[in-house]
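Asks: Sequence and predicted structure below; questions after.
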Amino acid sequence: MRSQSTPNDAGIDRRQTIRMPYQTRITYANRQQTGVGKVRDISFDGLFFETPLPLTVGDKIDMDFRFRHAKANVAIAGEIRHTSSQGVGVRLLW
């Protein structure tokens, strides 16, 4: 099932799963920096979060955030798939 989302620069939506609005604080780190952001949406295989720090497509990052109703944070790795002025899209590496 495909999600309803805005297309990328080529006009093609490549998402394979539905994204749901979701807001939570996220901390992340790559080899050069650490930062704090805000998750805006999430799906089984990815998420989008707002960040003021520049990240590069292809960067691997470690993330830490809380799922709804969870008692503890979840630590998971991801790969930056796209960037925008508002933040980054991340593919979760399960």
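Replies: The structure has been received and is ready for your questions.

Asks: so where do the strands sit in this structure?
Replies: For the chain, the strands defined by DSSP state E occupy 20-29, 34-42, 46-50, 60-65, 74-83, 87-93.

Asks: With respect to burial, which of those strands scores highest?
Replies: strand 46-50 (a mean of 21; mean count of other CB atoms under 10 Å). The way it works is simple: take the backbone N, C-alpha and C, and place the C-beta from them, glycine included.

Asks: That strand packs against which elements?
Replies: Packing contacts for strand 46-50, counted by 3 or more CB pairs under 8 Å, 6 or more residues apart in numbering; DSSP states H and E, involve strand 20-29, strand 34-42, strand 74-83, strand 87-93.

Asks: Adding distance to Phe49 and mean pLDDT, write the ones you listed out as CSV.
Replies: Formatted as CSV, those follow (distance: least, CB to CB, whole Å; pLDDT from 0 to 100):
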stretch, distance to Phe49, mean pLDDT
strand 20-29, 5, 96
strand 34-42, 4, 96
strand 74-83, 10, 97
strand 87-93, 5, 97
